[in-house]
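[1] predicted model and sequence below, questions to follow.
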Amino acid sequence: MGYVAVIPLLPALAFAILAPLSGELRNRLRGVAVAGMAGSLVLSVIAFFQTWPGGHAEHPVWHVTFPLAEISGKPLEMGLMLDPISAAMLLVITIVGMCVQIYSLGYMHRDGRVGWYYAALSLFTAAMLLLVLADNFLLLYMAWEVMGLCSYLLIGFWHEQEAPRKASQKAFLTTRVGDVGFAIGLFAMYNAAGTFSFEGVLGSAASWAPGAATLVALMLLFGAMGKSAQVPLHVWLPDAMAGPTPASALIHAATMVAAGVYLVARALPIFEVSGVALTVTLWVGAITAMVGGLLAAVQHDIKKVLAYSTISQLGYMFIALGAGSVVAAMFHLVTHAFFKSLLFLGAGVIIHASHTQDMREMGGLAKHLKITTITFTAGSLALAGVFPFSGFWSKDEILAVLLHEQQYGVFVIALIAAFITAFYVARLWFRVFMGPEQSDELHEAHTSMLAPMVLLASITTVIGVGGYWFAEFLGHHGAWPEPKIYLPSLVAAGAGLALGWWAYGRMNVVLNTRPLKHRAGYAYDMLSMKLYFDLTYDTFVIKPYMRLALAFAIFDFKRIDGVVNGVARSWRTLSDRGWKFDRTVIDGAVNASASGARALGSRLRRIQVGRVQAYQRYVVGAVVLLMLWTVVKGA
Amino acid sequence: MQVGLEVFLGLAAVLFALGLYGAISKKSAVMVLMSLELMAVAVNINLVAFSRFLTPEAMTGQFFTIFTMVVSAAEIGLGLALVLAIYRQSRSIELAGMNRLKG
């Protein structure tokens, strides 16, 4: 099964081919990236079916490892492995990646740097595929950082404008805060286990020194919170929407942000040894699910609604992990990847058609964009958790786990979050597709953009039923939904949708109405200020930091520059003296010898007349003189 | 009557002076070569005369003279060949014109 190693290699190869080319050539060769992606997709499907029916979570289907280096006598091994979780992730990444790449052919075709876009997308895909195939935490961390770089590049893709530039820096720095935690977790892990491999670390976690497991787990969780945009490190994700929409669909909805969930799912045995870390994960997820949902409900930018929704849904996955269920978290990850990337691709079409991202300036799209409306509706219903769409099944599984673990508080929070989710889904849907038309030139998108959406919509519609077999595939017991769980869940979703209709769908007339604002007052203001997260960071982190930097800059300018300038000035004086000495004495000597030689030469050349007989005369004269001298001397 | 060494030396000096004058003052390269030969002949006379009068028992001077005659024959051959070559080039054997290699 060595071909598995080729899966991340193909997009990496596409990047290696595209990256060094000139812009024009790269734009024309963007098919290379699509081809690499298609190759990975085919191999991933084969790998998935070779892993089927799975069921043995402890033993990877395929595992290859080689020693990379030696640290104080202990070998540092790196390797790849394929087990059911990896296989499922591979399939999700390659399917969504393929859809996004095909969609981008239409969406980005007029962009002058589309080649670079495809190169970055390929590198990202390679890193993500490597991440899910890694058999140790160190390799996972490396792939994790490469993804961070690609995320930065793609958010700042339109770096001529200020907003994407700032957003890319914000995303990079915020996730970096989490990554520092991840790195500390890795150090602590190596200290405790003496290895990075999943097998070695997870196998020995129970026998670590007391507290070690908690430290490692919390640090890994911190890293995951940065990458997966959990409160309080979620602030970068909404801003990341400044990047191209298909890139958001792949990176900031389906795959990269789910990497944190994947990391915690992999490391869950450490969390279970700790216990405390598990509770922290649960509550981080609960708070995030709630905050994300609330903030999504007041956004006007369609992409930001989806971004906060992603944050909220990732919170759901963390809730599942905190409750100790890898299956529920992974299942929600998979379903969410499909329906959220579908929603983002749909949002791309909507933005293209209506030339704005502000939902207040949209409306009436249902009449003109039929296919988009149908697919987007499927995605919306999945997000709201309506039967039979995929979100219903995976959300249900998370709620079932919570009830089983007797986490009633979080169960209620999750239900409220589901209610809010349904509300903002309805708000978005009615504002965009219903109501009066705001533009008279609404066009449906090109087929290359619609085809991936139709595919994702079909997957979203049917995949939920597979939850039972998905659990079996991961080596757990599958279960079908029970009425005591799905009834409250459906009631919450229905109530949310009804409220959304009541607030935004019912009137079907007035635009720019803000019923929420009138009824919620101060609470609305708080939410529209993003619960003051950005303000807090700005006041307590960024501003003091800038002040400190300014103080250092002034010190630098006055003191250090002063010293440097003083040294420079004295050197200048010294070299000035040297220059004068050089000019007068040394150049003088050189010039004097040269002009002396020249003067002598111009005298001597006069006797060099070129006539043989003149020379003869000189010779005769010289001989006569010599003879005279001899005679006089002899006398 | 016994002819003395002074006579030979005087003859040689006259010949040498004539040769030197010719070599310095003649315009034609051939004349200059002939003058040079005259100077060589003067030297030969000196050699033979000194040999005959100072060391009559040894034949060193005579032999040396034979050598210098051979050498000057070769030299004159070379010189005339050069003059011919120059003549072919510039249709002139005037020494005053032969200064093209002057720096």
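    Cool, the structure landed.

[2] what's the first helix or strand after the helix or strand where residue A:50 lies?
    Taking DSSP states H and E as the criterion, residue A:50 maps to helix A:31-51. Next in sequence after helix A:31-51, counting helices and strands by DSSP H and E, comes strand A:62-71.

[3] quick one, helices of chain B?
    Using DSSP state H, the helices of chain B run over B:5-25, B:29-54, B:60-90.

[4] quick one: work out the angle between the last one and helix B:29-54.
    Read that as helix B:60-90. For helix B:60-90 against helix B:29-54, the angle by axes from the mean of the first three to the mean of the last three C-alpha atoms, to 10 degrees is 180 degrees.

[5] sorry, back to before: other SSEs contacting the helix holding residue A:50?
    On a contact count with 3 or more C-beta pairs under 8 Å, 6 or more residues apart in numbering or on different chains; DSSP states H and E, helix A:31-51 meets helix A:6-18, helix A:84-107, helix A:114-133. In this view, the C-beta of every residue, glycine as well, is placed from N, C-alpha and C.

[6] quick one: average confidence on that helix?
    For helix A:31-51, mean pLDDT is 93.

[7] then stretch A:620-630?
    Stretch A:620-630 shows a mean pLDDT of 93.

[8] nearest to chain A, of the helices of chain B?
    helix B:5-25 (5.4 Å; C-beta to the nearest C-beta).

[9] next, the buried residues of that closest one.
    Using 16 or more other C-beta atoms under 10 Å in any protein chain shown as the test for burial, helix B:5-25 gives B:8, B:9, B:12, B:15, B:16, B:19, B:20, B:22, B:23, B:24.

[10] how about whichever residue of the stretch 351-500 of chain A sits closest to chain B: what's its closest non-neighbour residue?
    Of all residues in the stretch 351-500 of chain A, residue A:448 sits closest to chain B, at 82.9 Å by C-beta to the nearest C-beta. Among residues not flanking residue A:448 along the chain, residue A:106 sits closest, at 4.0 Å (C-beta to C-beta, 6 or more residues apart in numbering or on different chains).

[11] the one you found: neighbouring residues, count only.
    By the criterion of other C-beta atoms under 10 Å in any protein chain shown, residue A:106 has 20 neighbours.

[12] thought it was touching residue A:452?
    No: judged on C-beta atoms under 8 Å, residue A:106 makes no contact with residue A:452 at a distance of 9.3 Å.

[13] residue A:611 and residue B:99 touch, don't they?
    Yes: between residue A:611 and residue B:99 there is a contact under C-beta under 8 Å: 5.8 Å.

[14] and the two? Which one has more around it.
    Neighbours per residue, other C-beta under 10 Å: of residue A:611 and residue B:99, the larger number sits with residue A:611, 15 against 12.

[15] can you pull the contacts of residue A:432?
    Residue A:432 makes contact with A:302, A:350, A:359, A:362, A:363, A:365, A:376, according to C-beta atoms under 8 Å, 6 or more residues apart in numbering or on different chains.

[16] how about the residues you listed, which pair is most distant?
    Spatially, the most separated pair among the contacts of residue A:432 is A:363 and A:376, at 14.3 Å (C-beta to C-beta).

[17] which positions in the host helix or strand of residue A:398 come out as buried?
    Taking DSSP H and E as the definition, residue A:398 sits inside helix A:390-404. Residues of helix A:390-404 classed as buried: A:390-403 (neighbour count, 16+ other C-beta under 10 Å).

[18] just give the number of residues close to the nearest residue to residue A:102 once chain neighbours are set aside.
    Excluding the flanking residues, the one nearest residue A:102 by C-beta to C-beta, 6+ apart is residue A:452, at 5.1 Å. When counting by other C-beta under 10 Å, one arrives at 26 neighbours for residue A:452.

[19] surely residue A:452 is in contact with residue A:345?
    Yes: using C-beta under 8 Å, residue A:452 is in contact with residue A:345, at 6.3 Å.

[20] quickly list what's touching both of those two.
    Common contact partners of residue A:452 and residue A:345 (C-beta under 8 Å, 6+ apart): A:99, A:100, A:103.

[21] for residue A:45, which residues are in contact?
    Neighbour list for residue A:45: A:91, A:94 [criterion: C-beta under 8 Å, 6+ apart].

[22] I meant residue A:117, not that one.
    So residue A:117 contacts A:30, A:104, A:108, A:111, A:154, A:157, A:244, A:247 (C-beta under 8 Å, 6+ apart).

[23] that older thread, pick the most buried one from the helices of chain B.
    Highest mean neighbour count among the helices of chain B (mean count of other C-beta atoms under 10 Å in any protein chain shown): helix B:29-54, with a mean of 18.

[24] list the helices and strands that helix packs on?
    helix B:5-25, helix B:60-90.

[25] do you know which of those lies nearest residue A:319?
    Comparing these by C-beta to C-beta, helix B:60-90 comes nearest, at 110.2 Å.

[26] residue A:81 should be in a strand, yeah?
    Yes: the assignment for residue A:81 is a strand, going by DSSP: H, G, I helix; E, B strand; the rest coil.

[27] what's the host helix or strand of residue A:492 packed up against?
    For residue A:492, the enclosing helix or strand under DSSP H and E is helix A:483-500. Helix A:483-500 sits against helix A:370-384, helix A:390-404, helix A:408-433, with contacts defined as 3+ C-beta pairs under 8 Å, 6+ apart.

[28] and residue A:78, helix, strand or coil?
    Following three-state DSSP, we place residue A:78 in the strand state.

[29] right, and it touches residue A:140 too?
    No: the pair residue A:78 / residue A:140 is not scored as a contact, 10.6 Å apart, by C-beta under 8 Å.

[30] tell me which of these two has more neighbours.
    Each of residue A:78 and residue A:140 has its neighbours counted (other C-beta under 10 Å); residue A:140 has more, 24 against 18.

[31] show me what contacts that one?
    Contacts of residue A:140 by C-beta under 8 Å, 6+ apart are A:131, A:134, A:263, A:266.

[32] hmm, 10 Å instead?
    Neighbouring residues of residue A:140 by C-beta atoms under 10 Å, 6 or more residues apart in numbering or on different chains: A:130-134, A:182, A:186, A:196, A:198, A:259, A:262-263, A:266-267.

[33] dump those residues to CSV, plus pLDDT and neighbour count.
    Shown next, in CSV, are the contacts of residue A:140 (pLDDT from 0 to 100; neighbours: other C-beta atoms under 10 Å in any protein chain shown):
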residue, pLDDT, neighbour count
A:130, 95, 23
A:131, 95, 25
A:132, 95, 27
A:133, 94, 26
A:134, 93, 25
A:182, 95, 26
A:186, 94, 20
A:196, 90, 21
A:198, 91, 20
A:259, 94, 25
A:262, 95, 26
A:263, 95, 24
A:266, 92, 20
A:267, 93, 25
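
[34] around chain A, which positions in chain B sit nearby?
    By C-beta under 10 Å from any C-beta of the partner chain, the residues of chain B that approach chain A are B:20, B:23-27, B:29, B:32, B:36, B:95-103.

[35] look at residue A:519 and report its pLDDT.
    Note on residue A:519: pLDDT of 64.

[36] go on, residue A:335?
    Looking at residue A:335, its pLDDT reads 95.

[37] residue A:186 should be in a helix, yeah?
    Yes: the assignment for residue A:186 is a helix, going by three-state DSSP.

[38] that one touches residue A:139, doesn't it?
    No: counting by C-beta atoms under 10 Å, residue A:186 does not reach residue A:139; the two are 11.2 Å apart.

[39] please enumerate the shared neighbours of the two.
    Common neighbours of residue A:186 and residue A:139, counting by C-beta under 10 Å, 6+ apart, are residue A:196.

[40] now for residue A:106 and residue A:452: what residues contact both?
    Common neighbours of residue A:106 and residue A:452 (C-beta under 10 Å, 6+ apart) are residue A:246.

[41] returning to that earlier point: how big is the angle separating the helix holding residue A:50 from helix A:6-18?
    Taking the same axes, to 10 degrees, one finds helix A:31-51 and helix A:6-18 inclined to each other by 170 degrees.
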